[in-house]
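Enquirer: Build me a structure from this.
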Amino acid sequence: MSHTMPLIAVEPENELRFKGPFNGPSTATMVISNKTEKRVCFKVKTTAPRKYCVKPTTGVLEANSSVTILVSLQPFDINDPAERGKHKFQVLSVAVPEGMINLDNVWKEVAPEDIHDWKLKCILDLPPHVEGIVPKKES
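Expert: Model (predicted):
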């Protein structure tokens with residue numbers, strides 16, 4: 001993974017916040033912005049792919065453009081400790097090589113050191129009245 005200047009900016013920068021109750025889908029958004037004069041491919045990954053619906057998961061950003069990503073957390077039982085894992089998201093990005101037409105090959109052909117990554121953790125804002133659960137206090 002690359003440690004050079006990032007190709008993209010992600011808002012929010014560090015965490016996706018989902019508000020309960022979680023008996024129905026809870027949605028958060030992130031905005032990915034291309035900060036370069038080049039075309040950039042992006043890919044959104046998660047540690048819990050069965051728990052989230054992400055649209056779009058991949059795409060191409062033209063120079064200095066942005067895209068809004070919708071992330072929906074699927075309903076779950078908040079009282080089940082197995083359901084409250086520490087989920088994370090990773091946004092991968094890579095500059096599209098000059099002359100590349102088949103963008104499906106970008107991820108296959110790019111050198112790992114040319115891939116930039118951005119990580120976000122998920123925060124579940126629990127309603128204060130959920131039985132048996134004590135919300136964490138922000139420090």
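
Enquirer: CA only for contacts and neighbour counts going forward, please
Expert: Will do.

Enquirer: got the contact list for the one helix or strand in the chain whose mean pLDDT sits lowest?
Expert: Scoring the helices and strands of the chain by mean pLDDT, DSSP states H and E places helix 106-109 at the bottom, with a mean of 86. Residues outside helix 106-109 that contact it (Cα atoms under 8 Å, 6 or more residues apart in numbering): 41, 96, 97, 100.

Enquirer: Pull the contacting residues for residue 53.
Expert: Counted by Cα under 8 Å, 6+ apart, residue 53 has contacts 70, 71, 72, 73, 74.

Enquirer: again, only using 10 Å
Expert: 25, 27, 46, 70, 71, 72, 73, 74 (Cα atoms under 10 Å, 6 or more residues apart in numbering).

Enquirer: what bits of this structure have low per-residue confidence?
Expert: Counting by pLDDT under 70, the chain shows low-confidence ranges at 1-4, 84-85, 101, 129-139.
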